[in-house]
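>>> here is my input; please provide its structure:
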Amino acid sequence: MRKCRVYTQEFKEAVARRLVNGESVSAVYDELQIRRSVLYRWRDAYRKEGAAGLRLTGRPSGVPNPPRPAGNAQEASARRIVELERKIGQQALDVDFLTRAFKRVKESRQKNTGTGGTASTEKSEA
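Below is the predicted model of the structure:
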């Protein structure tokens with residue numbers, strides 16, 4: 001899991017200034033190992049609103065926070081068990097379907113064991 005890195009306002013401004021002044025995003029990425037998407041976001045915010053645009057942090061207004069799992073670890077474990085049991089049930093259905101399909105294929109091959117001559121490509125003279 002990627003660890004969230006927190007950058008100071010001054011650092012973001014300095015990086016955004018470099019990008020606005022023409023330094024390539026790839027060069028800054030290679031040097032600082034900050035995601036390109038973050039660098040583009042900083043650059044665009046700095047172009048649009050200056051240093052104030054970089055102060056916007058967190059989730060945009062109007063976007064709700066994702067629901068947090070309520071309860072304790074025991075409830076979370078119970079939910080995980082239910083989820084895994086559902087997956088096992090689906091896999092059992094898949095296995096059952098495939099077993100029946102293979103059985104039908106095997107039966108159809110056994111029925112076609114009659115001896116037959118090979119087809120000739122030449123016309124027979126009558």
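>>> from here on, contacts and neighbour counts on C-alpha atoms
Will do.
>>> my read is that Lys12 contacts Arg43, right?
No - with contacts counted by Cα atoms under 8 Å, Lys12 stays clear of Arg43, the gap being 9.1 Å.
>>> the two: which is more packed in?
Arg43 (24 against 18; other Cα atoms under 10 Å).
>>> tell me which element the more buried one falls in.
helix 36-49 (DSSP states H and E).
>>> quick check: next helix or strand after that helix?
With elements assigned by DSSP H and E, the helix or strand that comes after helix 36-49 is helix 73-111.
>>> may I see the buried residues of that following helix?
For helix 73-111, a neighbour-count test (16 or more other Cα atoms under 10 Å) marks nothing as buried.
>>> cool, and stretch 37-46?
Leu39, Trp42, Arg43, Asp44, Ala45, Tyr46.
>>> once you drop chain neighbours, what's closest to the fifth one?
Right, the one you point to is Ala45. Gly53 (4.9 Å; Cα to Cα, 6 or more residues apart in numbering).
>>> that neighbour reaches Ala16, doesn't it?
No - contact status for Gly53 versus Ala16: not in contact, 10.5 Å apart, counting by Cα under 8 Å.
>>> need the contact list for Arg104.
Neighbour list for Arg104: empty [criterion: Cα atoms under 8 Å, 6 or more residues apart in numbering].
>>> and it, how far is that from Ala92?
Applying Cα to Cα, to the nearest Å, the value for Arg104 to Ala92 is 18 Å.
>>> any idea how far Val15 is from Glu31?
Separation of Glu31 from Val15 (Cα to Cα) stands at 11 Å.
>>> same question for Asn21.
Asn21 is 10 Å from Val15, by Cα to Cα.
>>> give me the more crowded residue out of the two.
Val15 (19 against 10).
>>> with just CA atoms, put whatever helix or strand the more buried one lives in into CSV.
Assigned by DSSP H and E, Val15 belongs to helix 9-20. The C-alpha trace of helix 9-20 is given here as CSV (Å, rounded to 0.1, in the frame of the first residue of the first chain):
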residue,chain,number,x,y,z
GLN,A,9,2.9,24.8,1.0
GLU,A,10,6.3,26.2,0.1
PHE,A,11,7.5,22.9,-1.4
LYS,A,12,4.4,22.7,-3.6
GLU,A,13,4.8,26.3,-4.7
ALA,A,14,8.5,25.8,-5.6
VAL,A,15,7.7,22.7,-7.7
ALA,A,16,4.7,24.4,-9.4
ARG,A,17,6.9,27.4,-10.3
ARG,A,18,9.4,25.0,-11.9
LEU,A,19,6.7,23.4,-14.0
VAL,A,20,5.1,26.8,-15.0
